[in-house]
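Chemist: Got a predicted model here, sequence first, then my questions.
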Amino acid sequence: LMKIQIITVRGEIQDAFDIHTNLHISDVAFQASFTEAHQYNVFGSSTTQTDVLFVELSSGKVKMVKSLKEPLKPDEWPWNSKNRLIEGSGLFGQYLMTPSKESLFILDGRLNKLNCEITEVERGNTVIWVGEA
């Protein structure tokens, strides 16, 4: 269960909506909306599955980016509990990156789909974006 809440301009927290998922979320990344001003989208990677969750926070629209291969098993990444991180390419960037056991995946946040796969990167669970996105 993911609870989405709104913080008003007066600092009050209000419930917006709930998302029921069996993805077992490992990590989330927020990205500014490309279609609505002052709005955000959230992407959530899965601890156990091959899909990434996309949620348009302004409308509650939910979409899955599918078939990103198997993530590392949690015990294969002992440094923290995020065995499949997801990282945005910066404040104004449109791309996100998430690893699998043997690949890195670049997602297009503007189109909410897979952009490309970089193969033969084993245990690539640390991401640093360098340069312009």
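Modeler: Yes, it's here.

Chemist: This protein: strands as residue ranges?
Modeler: Per DSSP state E, the chain has strands spanning 2-7, 13-19, 25-32, 40-46, 52-56, 61-65, 87-88, 95-99, 103-108, 113-119. These are given in chain order.

Chemist: okay, the ones you listed, which one's buried deepest?
Modeler: Ranked by mean neighbour count, these are led by strand 95-99 with a mean of 23 (mean count of other Cβ atoms under 10 Å). C-beta: built from backbone N, CA, C; applies to glycine.

Chemist: coming back round to it: may I see the strands of the chain organised as TSV, with distance to residue 126 and mean pLDDT added?
Modeler: Below are the strands of the chain laid out as TSV (distance: least, Cβ to Cβ, whole Å; pLDDT from 0 to 100):
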stretch	distance to residue 126	mean pLDDT
strand 2-7	25	92
strand 13-19	28	95
strand 25-32	12	95
strand 40-46	14	96
strand 52-56	18	96
strand 61-65	21	96
strand 87-88	9	94
strand 95-99	9	95
strand 103-108	11	96
strand 113-119	14	95
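
Chemist: Can I get those in CSV including distance to residue 79?
Modeler: CSV is the format used below for the strands of the chain (distance: least, Cβ to Cβ, whole Å):
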stretch, distance to residue 79
strand 2-7, 25
strand 13-19, 28
strand 25-32, 13
strand 40-46, 16
strand 52-56, 21
strand 61-65, 25
strand 87-88, 15
strand 95-99, 13
strand 103-108, 17
strand 113-119, 21
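
Chemist: for these, which one sits closest to residue 75?
Modeler: strand 25-32 (13.6 Å; Cβ to Cβ).

Chemist: Show me what the closest one pairs with in its sheet, parallel or antiparallel.
Modeler: The strands that strand 25-32 pairs with in its sheet are strand 40-46 (antiparallel) (by DSSP bridges).

Chemist: What lies in contact with the strand it pairs with?
Modeler: Here strand 40-46 makes contact (Cβ atoms under 8 Å, 6 or more residues apart in numbering) with 2, 21, 23-33, 52-57, 65, 71, 84-86, 88, 96, 98, 107, 109, 112.
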